[in-house]
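K.L.:
Provide a 3D model corresponding to the input given below.
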Amino acid sequence: MDVLWDSEPAPARGPRRGLTREGIARAAIALADAEGLESIAMQRVAAALGVTKMALYRYVPGKAELVALMVDVGIGPVPDIAGTGRAALEAWSRALHAVFARHPWATTAVVGPRAVGPHELRWTERALAALAGTPFTGGEKLDAVAVLAGHVRAIAQQGAEEEIGQAMGAVLAARAGEFPEVSAAFADPGERNAALDFGLARILDGIDAEISRRS
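P.N.:
Purely as a prediction, here's the structure:
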């Protein structure tokens, strides 16, 4: 939390004086975009910046803090989304999906208990604002945002693993008798890559229905 929310350390003399936490995070993001989250190591990020590993520790104490910074810098400023209600929630969800599409490693980095930075918290603030005026409690609003974000993340991760789905098609072609329902579903896929739209529509339908029921 200190790394995400506290002020930058005072500039240092020598080769470290040009370093910032955001600059370090962006160098790590470029590496993760190209090679995945498993490629992140303080030594490699330091090399990309042309400094020693020890020079980074003044700004980022370790890899866990670095990944937290990467997530917050990677998600970036909250998008300009107008209004409230269903349209705003859908626009927010699609904007989040675009972030995961740009940074596939983030679908893994955001899983589990973790610190949240200012950019990410402003995204949450915007999603909650879209639910202003609804009969939901604060906890229910947070749950609704979590469900939307979870769907978006899962679909983005699925898209990053599309090659696995293609390989499964070849497996099922030889084992249709053993897995008849799965084989039939793969054989009649309907519109391709529609899972994001389908899931968003069902979640938002459910939110709308619950608002109407309480009203």
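K.L.:
buried ones in the top helix by length along the chain?
P.N.:
In the chain, assigned by DSSP state H, the helix with the most residues is helix 138-160. By 16 or more other CB atoms under 10 Å, the buried positions in helix 138-160 come out as 141, 144-145, 148-149, 151-153, 155-156, 159-160. In short, each C-beta sits where N, CA and C put it, glycine included.
K.L.:
Could you list the low-pLDDT ranges of this structure?
P.N.:
Filtered on pLDDT under 70, the chain yields the residue ranges 10-17, 160-165, 189-193.
K.L.:
on that earlier part again, what is the nearest of the buried residues of helix 138-160 to Ala87?
P.N.:
Leu148 (13.4 Å; CB to CB).
K.L.:
for the longest helix of the chain, packing partners?
P.N.:
Judged by 3 or more CB pairs under 8 Å, 6 or more residues apart in numbering; DSSP states H and E, helix 138-160 is in contact with helix 86-102, helix 106-109, helix 118-130, helix 195-214.
K.L.:
Please work out the angle formed by the directions of it and helix 86-102.
P.N.:
Following axes from the mean of the first three to the mean of the last three CA atoms, to 10 degrees, one obtains 40 degrees for the angle between helix 138-160 and helix 86-102.
K.L.:
how far out from the middle of the chain is helix 138-160?
P.N.:
Centre-to-centre, helix 138-160 and its host chain are 9 Å apart (CA atoms, centre = their mean, to the nearest Å).
K.L.:
hmm, who's touching it?
P.N.:
Under the criterion CB atoms under 8 Å, 6 or more residues apart in numbering, residues 89, 92-93, 96-97, 100-101, 104, 107-108, 110, 124, 127-128, 131, 134, 136, 165, 193, 195-196, 199-200, 203, 207 lie in contact with helix 138-160.
K.L.:
Can you select the buried ones from the residues you listed in ChimeraX?
P.N.:
Those of these that count as buried under 16+ other CB under 10 Å are selected in ChimeraX with:
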select :89,92,93,96,97,100,104,107,108,110,124,127,131,134,136,196,199,200,203,207
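K.L.:
Helix, strand or coil: sort out Ala82 for me.
P.N.:
Here Ala82 is recorded as coil under DSSP: H, G, I helix; E, B strand; the rest coil.
K.L.:
now swap in Pro61 and tell me
P.N.:
Following three-state DSSP, Pro61 is assigned to coil.
K.L.:
Might one say that it is in contact with Val3?
P.N.:
Yes. Counting by CB atoms under 8 Å, Val3 is a contact partner of Pro61 at 7.1 Å.
K.L.:
Of these two, which one has the most company?
P.N.:
Val3 (20 against 13; other CB atoms under 10 Å).
K.L.:
Count the residues that sit near Pro113.
P.N.:
Pro113, neighbours per other CB under 10 Å, totals 4.
K.L.:
any idea how far it lies from Ala68?
P.N.:
For Pro113, the distance to Ala68 equals 12 Å [CB to CB, to the nearest Å].
K.L.:
Equivalent analysis for Val3, please.
P.N.:
As judged by CB to CB, Val3 and Ala68 stand 7 Å apart.
K.L.:
Contact partners for Ala95?
P.N.:
By CB under 8 Å, 6+ apart, the residues touching Ala95 are 79, 81.
K.L.:
try it again with 7 Å
P.N.:
Pro79 (CB atoms under 7 Å, 6 or more residues apart in numbering).
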